[in-house]
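Peer 1: below are the sequence and a predicted model; questions follow.
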Protein chains: 2
Amino acid sequence: MNTQDWLQALRANGYRVTEVQEALVQVLIQTDRPVSVEEIWDTARGLRPETGRATVFRTVEKLETLGLLRRIHGYHGCSRFLPAASVAFLLFICTVCGRAYYLDRAPLDELIKDAEQQTGHQIVESHLQLFGTCARCRSLK
Amino acid sequence: MNTQDWLQALRANGYRVTEVQEALVQVLIQTDRPVSVEEIWDTARGLRPETGRATVFRTVEKLETLGLLRRIHGYHGCSRFLPAASVAFLLFICTVCGRAYYLDRAPLDELIKDAEQQTGHQIVESHLQLFGTCARCRSLK
DNA sequence: TTCAATGCAAATATTTTGCAATTCG
DNA sequence: CGAATTGCAAAATATTTGCATTGAA
């Protein structure tokens, strides 16, 4: 997934690709830690000073709806975002350095399937986040 | 876990057990759906009209810290709460009726242990929520 | 040329805080 | 009694919205 893919996805869903959105996508696509609207706004204004705060909110919402951005819960509140990885899903966030790691989603799918069978519930959506110290930070200690 | 256990836990942690908190605990302990501060406040004022909104925020925070209450993410925002079940952990919420179900946490612990081994990260905290249609709502369709 | 998207400011939540009055231990 | 807790109101945050203007298709 790169900038062009995201812009393409916007077009494909009937949105116009504007200058601001391009700047915002550039900012978002390459972050490896959860970023807040305020941070996104700050960085974006480096690329394009006239960018408005409300536009960041509106764009982030769009991208979240399209499944390109993912909202992170329980890490400095619930208003930070990460690019969504489609294959990998299970998410680990290091509370020391803030880096996000995507893990294999197969074990989670397995767990969900089992839970469905045992309970009779139909599971449509899942949200898993793991927190701790990443391998890198552990070795630096 | 009942009202007395919660009040006991408050005492044990150096808090005073006041009239408001007692009312709030009563409200919280028996809900089977995620409740918002506003809802808690409304219900609590039924029991005790002079209850203030800020006290609800403060009490909820205390109870969350003590691990008695759990914040639910991604269901009508991120500001609803449920009593935390200590043994069961994995959480399923029905998006039709709003009921919360606690599932066996063993499979999640297993998944976490595997992930730790495969990645070298140390996982300290986990957050899993599942959404969908519960068995009861499926049968009513 | 048209209408979606923007920027700004104002309007809305939402949550936190200061403080005098209250109440638990 | 003394300190923690409360209720209220005000303050601080966070997010959404209205609207005139801009700009992508």
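Peer 2: Received it, and whenever you're ready, just let me know what you need. Residues are numbered from 1 along each chain as shown, chains lettered A, B, ... in the order given.
Peer 1: alpha carbons only for contacts and neighbour counts from here, please
Peer 2: Will do.
Peer 1: kindly report the residues of chain A close to DNA strand C.
Peer 2: Contact residues (Cα under 7 Å from any atom of the strand) of chain A with DNA strand C: A:14-21, A:50-55, A:58-59.
Peer 1: let's see if you can find the most crowded of these.
Peer 2: For the residues of chain A next to DNA strand C, neighbours were counted using other Cα atoms under 10 Å in any protein chain shown, and A:Gln21 has the most, 22 neighbours in all.
Peer 1: per-residue pLDDT, the nearest residue to that one once chain neighbours are set aside?
Peer 2: With sequence-adjacent residues excluded and distances taken as Cα to Cα, 6 or more residues apart in numbering or on different chains, A:Gln21 is closest to A:Thr59, at 6.7 Å. As predicted, A:Thr59 sits at a pLDDT of 98.
Peer 1: and for A:Ala115?
Peer 2: The predicted local distance difference test score for A:Ala115 is 97.
Peer 1: what do you get for A:Val87?
Peer 2: At A:Val87 the predicted local distance difference test score is 62.
Peer 1: which ones among the residues of chain A next to DNA strand C map onto helices?
Peer 2: Counted as lying in helices by DSSP state H, out of the residues of chain A next to DNA strand C, are A:19-21, A:53-55, A:58-59.
Peer 1: for A:Arg71, grab the count of nearby residues.
Peer 2: That count, for A:Arg71 with other Cα under 10 Å as the rule, works out to 18.
Peer 1: residue ranges in chain A under the pLDDT threshold?
Peer 2: In the predicted model of chain A, residues A:86-87 satisfy pLDDT under 70.
Peer 1: and the residue nearest the centre of it, what element?
Peer 2: By Cα atoms, centre = their mean, the mean C-alpha position of chain A lies nearest to A:Leu82, the distance being 2.3 Å. Assigning secondary structure by DSSP states H and E places A:Leu82 in strand A:80-83.
Peer 1: need the nearest residue in space to A:Asn2, chain neighbours excluded.
Peer 2: Closest to A:Asn2 by Cα to Cα, 6+ apart is A:Ile29, at 6.8 Å.
Peer 1: returning to that earlier point: contacts for the strand holding A:Leu82?
Peer 2: The set of residues external to strand A:80-83 that reach it, using Cα atoms under 8 Å, 6 or more residues apart in numbering or on different chains, is A:28-37, A:68-73.
Peer 1: ok, now with 7 Å
Peer 2: With contacts defined as Cα atoms under 7 Å, 6 or more residues apart in numbering or on different chains, strand A:80-83 is touched by A:28-29, A:33-36, A:68-72.
Peer 1: strands paired with it, and their directions?
Peer 2: In its sheet, strand A:80-83 lies beside strand A:35-36 (antiparallel), strand A:69-72 (antiparallel), with partners assigned from DSSP bridges.
Peer 1: for the longest strand along chain A, which helices and strands make contact with it?
Peer 2: Longest strand of chain A, by residue count under DSSP state E: strand A:122-133. Secondary structure elements in contact with strand A:122-133, counted by 3 or more Cα pairs under 7 Å, 6 or more residues apart in numbering or on different chains; DSSP states H and E, are strand A:91-94, strand B:122-133.
Peer 1: what lies in contact with the first one?
Peer 2: Read it as strand A:91-94. Judged by Cα under 7 Å, 6+ apart, the contacts made with strand A:91-94 from elsewhere in the structure are A:99-103, A:128-134.
Peer 1: again with the last one
Peer 2: Contacts of strand B:122-133 from elsewhere in the structure, counted by Cα under 7 Å, 6+ apart, are A:121-134, B:90-96, B:116.
Peer 1: make a PyMOL selection of the buried ones in these.
Peer 2: PyMOL command restricting these to the buried ones, with burial defined by 16 or more other Cα atoms under 10 Å in any protein chain shown:
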select buried, (chain A and resi 121+122+123+126+127+128+129+130+131+132+133+134) or (chain B and resi 90+91+92+93+94+95)
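Peer 1: circling back: how close does the residue nearest to A:Asn2 get to A:His121?
Peer 2: When Cα to Cα, to the nearest Å is the yardstick, A:Ile29 and A:His121 sit 35 Å from each other.
Peer 1: do A:Gln21 as well
Peer 2: For A:Gln21, the distance to A:His121 equals 39 Å [Cα to Cα].
Peer 1: kind regards, and thank you for your time.
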